[in-house]
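[1] below is the sequence, then the predicted model.
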Amino acid sequence: MSSASEIRLRTAAPTQTRALAAALVALVDDGDLLMLVGDLGAGKTAFTQGLAAALGVTEPVTSPTFTLANRYEGRLVVNHLDAYRIEAIEEAQDLALIELLEDGVTLIEWGDVILPALPEDRLDVRITFGTGDDDREFVLGAVGPRWTARVDALRDALGEWAA
Ligand code: ADP
Ligand code: MG
C-alpha cells in the first residue's frame with residue numbers, strides 16, 4: 001500500500017545512499033527530526049553520513065554505539081542518536097529529546113523503539129534489504145504538517161532514486 005505522503009526509493013551502493021541523503025540538504029532545517037528504521041547494516045548510518053557531509057560536517061560520523069547522542073557542527077548542528085540501547089521510554093524522556101530537537105537536525109537510528117516519545121512531526125525513513133547485496137529499498141513517510149508540506153519537494157529532490 002502506498003499513500004500520497006509516502007515516497008519509495010532504491011539505491012544499489014552505499015555511495016548512492018549517501019548521495020540520496022545529501023540531496024535532502026536544501027530541504028532540512030533547524031528543529032527537523034528524521035527517524036531511521038532498518039535492520040543492522042541496512043544503511044541508517046550511511047544515510048546520516050551523507051546528510052551530515054552535505055551539511056558541512058567534516059568530522060567522521062560513526063554509529064553512536066557508546067553514547068546515546070553525538071553532536072556534530074556543520075551549517076546546521078546534526079544530532080545523531082541510536083535508540084537501540086534505550087530500553088525504557090523513561091530513558092528516552094531523560095534524554096530531553098524535545099530540547100535536543102530545538103537545535104539542529106536530529107536523526108535517530110532505531111527510532112521506532114522509542115516511538116511514543118517522538119514528536120508527531122517527523123520524516124520516517126524505513127530501509128529494507130533488496131535482492132542484491134548492495135540493494136536497499138527506502139520508504140519515506142511524512143508525519144505531521146512540517147514534513148507533509150515538503151512531500152512534493154522531497155519527491156522532486158529524490159527523483160533520481162525513485163523506485
Ligand atoms: P546501519 O546503521 O543501518 O546498521 P550502516 O550504514 O552502518 O547500517 O551500514 C550499512 C552497510 O551496508 C555498510 O557496510 C555499507 O557499505 C553496506 N551497503 C551496501 N549497499 C548499501 C546501500 N545501497 N546503502 C547503504 N549501505 C550499503
Ligand atoms: Mg548504525
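    Thanks, I have the structure now. Ligands and ions are numbered 1, 2, ... in the order given.
[2] what about residue 53, which helix or strand?
    helix 44-54 (DSSP states H and E).
[3] hmm, who's touching that helix?
    By C-beta atoms under 8 Å, 6 or more residues apart in numbering, the residues outside helix 44-54 that reach it are 14, 17-25, 28, 34, 36-38, 61-63, 72, 74, 78, 80, 105, 107, 109-110, 125, 127. Heads up, the C-betas are built off the backbone N, CA and C, glycines and all.
[4] report the closest residue of the chain relative to ligand 2.
    residue 45 (3.5 Å; C-beta to the ion).
[5] now do the residue most central in space within the chain, the pLDDT please.
    Centroid check for the chain by C-alpha atoms, centre = their mean gives residue 34 as the closest residue, at 3.9 Å. Per-residue confidence (pLDDT) for residue 34: 97.
[6] count the residues that sit near residue 63.
    14 (other C-beta atoms under 10 Å).
[7] that one belongs to a helix?
    No: assignment of residue 63 by DSSP: H, G, I helix; E, B strand; the rest coil gives coil, placing it outside any helix.
[8] that concludes my questions; thank you for your assistance.
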